[in-house]
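Trainee: what's the 3D shape of this:
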Amino acid sequence: MSDRTNKSIVPTAYQTRLESGRIRCDLCPRFCKLKEGQRGLCFVRARQRDEIVLTTYGRSSGFCIDPIEKKPLSHFHPGTAVLSFGTAGCNLACKFCQNWDVSKSRETDHLADFASPEMIAKAAEKSGCKSVAFTYNDPVIFLEYAVDVARACHERKLKTVAVTAGWINEQPRRDFFEHIDAANVDLKAFTDRFYKKLCGGTLQPVLETLEYLKNETKVWLELTTLLIPGENDSDRELDQLTAWVVDRLGVDVPLHFSAFHPDWKLTDRPATPTATLTRAREIALKNGIRYAFTGNVHDPKGAATYCHNCGATIIGRDWYQLSTWNLTADGRCTECGEACAGRFEGPPGKWGARAVPIRLTDFE
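Mentor: Coordinates of the predicted model:
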């Protein structure tokens, strides 16, 4: 594990010196070219003392114990508790960001006291969490910190979870996900128009991340698409998106369709009707996806997992609370014996729907 004790500024390997005198940050497809003293768009990676550094190592925006279903992950140790945290900043500029107060923050003073990787792993273990999640803002921008936390967690037999947009370059992608056990990736839309207009990014690197995760790693993968009325919710786009998932990732990757609510810089759109989420889920199922869910709305039918062989409800959910459990210890339907794709170990956890903010000092 790293010896970066009590340091908030650490160098990064992802940089290239240019003939112009600028230094290019190679972490993500934005490729920010920085003069001395400049920060990248993500805010947390900057040029200081003639190199690119991460400026928020060990600095968190706060910690909360959540249900794993909130990430959302439906087939990764259901019912268990996960210690969630993030930092500040983001490498995309989504106008509809639902966590804008953290991801768009430009004030390091909003971050908590220093939290070492070992402190986080210890708190997760002592509080009974199964895993630690890098979330609230995109963890790829604090890669060095996240990797060190993941190593500390694995030393204590804890799992690691990344909630990410997947907008990252090839080598850092490999370096990051080598230490991750499960990921929920935001596939925000299926057009470059959407990514450029509403996110300030591009689609292709996200698709490359998804194919890499599914085909070259053992990371448990689930996807989330936030449906915004009039932007990415047409039948045509949903058909293309779900058909691509089946063709490139397979039928067993769970796909969550989540409801948008007006926020940040996109307040001129209405909230997503439940009927839109239901329609998206039906399109996904028609195209062969076995596990499609609705989210951010109260829809027990759309939140449940059904056996793809016999149709029985094998995991029922009421918001983040498990209501039905019809799986064997090794993840098979108790009705017909068919395997359910996921990471299951015996009976489900009993954490429930609670969200409990904590301070790491309570677990020292």
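
Trainee: what's D235 in contact with, if anything?
Mentor: D235 is in contact with R279, I283, counting by Cβ atoms under 8 Å, 6 or more residues apart in numbering. Glycine gets a C-beta too; all of them are placed from N, C-alpha and C.

Trainee: next one: phi and psi at it?
Mentor: phi -60, psi -40 (degrees, to the nearest 10).

Trainee: Leaving out the residues flanking it, which one is nearest to S20?
Mentor: Once flanking residues are discounted, S20 sits nearest to K33: 7.4 Å by Cβ to Cβ, 6 or more residues apart in numbering.

Trainee: Walk me through the domains of this structure.
Mentor: 10-54, 63-295+346-363 (automatic domain parsing).

Trainee: which of these is buried the deepest?
Mentor: When the domains of the chain are scored by mean count of other Cβ atoms under 10 Å, the highest mean neighbour count falls to domain 63-295+346-363 (a mean of 20).

Trainee: neighbouring contacts of stretch 206-216?
Mentor: By Cβ under 8 Å, 6+ apart, stretch 206-216 touches 165-168, 170, 173-174, 177, 183, 185, 187-188, 195, 219, 221, 223, 244, 248-250, 253.

Trainee: okay, the domains of the chain in a markdown table with mean pLDDT next?
Mentor: Listed next are those as a markdown table, based on pLDDT from 0 to 100:
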| stretch | mean pLDDT |
| --- | --- |
| domain 10-54 | 97 |
| domain 63-295+346-363 | 93 |
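
Trainee: okay, those domains in TSV with distance to W319 next?
Mentor: Below are the domains of the chain laid out as TSV (distance: least, Cβ to Cβ, whole Å):
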stretch	distance to W319
domain 10-54	32
domain 63-295+346-363	6
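
Trainee: which one of those domains lies closest to W325?
Mentor: domain 63-295+346-363 (5.4 Å; Cβ to Cβ).

Trainee: Can you check the distance spanned by that closest one, start to finish?
Mentor: End-to-end distance for domain 63-295+346-363, by Cα to Cα, to the nearest Å: 12 Å.

Trainee: Kindly report the same for stretch 246-260.
Mentor: Stretch 246-260 end-to-end distance (Cα to Cα) = 24 Å.

Trainee: swap in stretch 114-134?
Mentor: First residue to last in stretch 114-134 (Cα to Cα) measures 16 Å.

Trainee: Stretch 337-350 now?
Mentor: Note: stretch 337-350 ends 24 Å apart using Cα to Cα.

Trainee: Quick one: residues in contact with it.
Mentor: 68, 74-81, 130, 181-182, 220, 252, 254, 290-291, 305, 307-310, 314-315, 322, 325, 327, 329-333.

Trainee: gap between it and the chain center?
Mentor: 21 Å (Cα atoms, centre = their mean, to the nearest Å).

Trainee: Look at A312 and say how many residues are nearby.
Mentor: Using other Cβ atoms under 10 Å, A312 has 15 other residues around it.

Trainee: Next up, the contacts around it.
Mentor: Here A312 is in contact with Y306, N326, C333, T334, E335, C336 (criterion: Cβ under 8 Å, 6+ apart).

Trainee: Surely E282 forms part of a strand?
Mentor: No: going by DSSP: H, G, I helix; E, B strand; the rest coil, the assignment for E282 is helix, not a strand.

Trainee: close enough to count as contact, H298 and R317?
Mentor: No: with contact defined as Cβ atoms under 8 Å, H298 does not count as touching R317 (10.5 Å).

Trainee: Comparing the two, which residue is more hemmed in?
Mentor: The neighbour count for H298 versus R317, taken as other Cβ under 10 Å, is higher for R317 (25 against 10).

Trainee: Please tabulate the contacts of A312 in a markdown table, including the columns neighbour count and secondary structure.
Mentor: As requested, the contacts of A312 are arranged in a markdown table below (neighbours: other Cβ atoms under 10 Å; DSSP: H, G, I helix; E, B strand; the rest coil):
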| residue | neighbour count | secondary structure |
| --- | --- | --- |
| Y306 | 19 | strand |
| N326 | 16 | coil |
| C333 | 22 | strand |
| T334 | 12 | coil |
| E335 | 14 | coil |
| C336 | 12 | coil |
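
Trainee: hang on, the earlier thing: got the contact list for the residue nearest to S20?
Mentor: L18, S20, R22, I23, R24, C25.

Trainee: Distance of it relative to D138?
Mentor: 21 Å (Cβ to Cβ, to the nearest Å).

Trainee: pLDDT wise, what is E338 at?
Mentor: Here, the pLDDT recorded for E338 equals 98.
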